[in-house]
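**Q** I'd like to go over a predicted model; first the sequence, then the structure.
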Amino acid sequence: MSGDLVGVWEVALSDGVHRIEFEHGTTTGKRVIYIDGKEIIRRDWMFKLVGKETFNVGSAATKATINIDAVSGFAYEYTLEINGKSLKTYMENRSKVTNTWLLNLDGIDCRVVLEKDTMDIWCNGQKMETAGEFVEDGTETHFTLSDHDCCIKAVSSGKRRDGIIHTLLVDGTEIAETTE
């Protein structure tokens, strides 16, 4: 990478945390976008220094846009939008529709994500095969990590404001949720 690196963002999606890097050569008109260290867009000799670059991130091809705005003179501001929302707004909303757990199984770090709207479960970028069942106090969604039996229990909190509480159990042991 050259000395034109002007923006770095970390974006947590269901398939993992992605690092987005943006190079903007204001003298050459160059724009380069890297995701997780891999170059995905390169444009050279762009005469218009402001504008947008839109691309997809992650296995679900989530739409991302880098906005390039002139602040004053030759100073520029770079902002990242995910699915049309600012990164901050997107991440705040995402924490409402997903649960994330970080754990170490057999020496391997695992990032388990539950998408509450679809009940899809992801582990380290892979969508898991699951089996759901209704139980007396809610639902249980079963899946396997390595040779470990895992289950996400969904039970009502009894309070309308708190809604449903999701708990990850690995081999019967509860795992604490992580906030991203």
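**A** Received the coordinates, thanks.

**Q** what's the pLDDT at residue 80?
**A** Note on residue 80: pLDDT of 98.

**Q** Oh, that last question was meant for residue 1, not what I typed.
**A** pLDDT at residue 1 comes out at 51.

**Q** now the one 5 residues further on
**A** At residue 6 the predicted local confidence, pLDDT, stands at 96.

**Q** Please give me every residue in contact with it.
**A** By C-beta atoms under 8 Å, 6 or more residues apart in numbering, the contact set of residue 6 is 22-24, 76, 78. Any C-beta I mention is one placed from the backbone N, CA and C, and that applies to glycine too.

**Q** make it 10 Å
**A** Going by C-beta atoms under 10 Å, 6 or more residues apart in numbering, residue 6 touches 21-26, 31, 66, 68, 76-78.

**Q** Next: residue 25.
**A** With C-beta under 10 Å, 6+ apart, residue 25 has these contacts: 2-4, 6, 31-32, 44-46, 49.

**Q** Which one of these is nearest to residue 180?
**A** For the contacts of residue 25, the closest approach to residue 180 (C-beta to C-beta) belongs to residue 6, at 24.4 Å.

**Q** so what's the backbone phi/psi at the residue lying farthest from the centre of the chain?
**A** The C-alpha centroid of the chain is most remote from residue 73, which lies 34.5 Å away (C-alpha atoms, centre = their mean). For residue 73, the backbone dihedrals (degrees, to the nearest 10) come out as phi 50, psi -120.

**Q** State the distance from it to residue 47.
**A** 18 Å (C-beta to C-beta, to the nearest Å).

**Q** do residue 83 as well
**A** Counting by C-beta to C-beta - residue 83 and residue 47 are separated by 30 Å.

**Q** Pick out whichever of the two has more residues nearby.
**A** Comparing residue 83 with residue 47 by neighbour count (other C-beta atoms under 10 Å), the higher total belongs to residue 83, at 12 against 5.

**Q** So that one sits against residue 91, correct?
**A** No - using C-beta atoms under 10 Å, residue 83 is not in contact with residue 91, being 11.3 Å away.

**Q** After whatever helix or strand residue 9 lives in, which helix or strand is next?
**A** With secondary structure defined by DSSP states H and E, residue 9 is part of strand 5-13. Counting by DSSP H and E, the element after strand 5-13 in chain order, helix or strand, is strand 16-25.

**Q** Mind listing what's buried along that following strand?
**A** By 16 or more other C-beta atoms under 10 Å, the buried positions in strand 16-25 come out as 16, 18, 20-25.

**Q** And for stretch 130-143?
**A** By 16+ other C-beta under 10 Å, the buried positions in stretch 130-143 come out as 130, 140-143.

**Q** Appreciated, that's everything.
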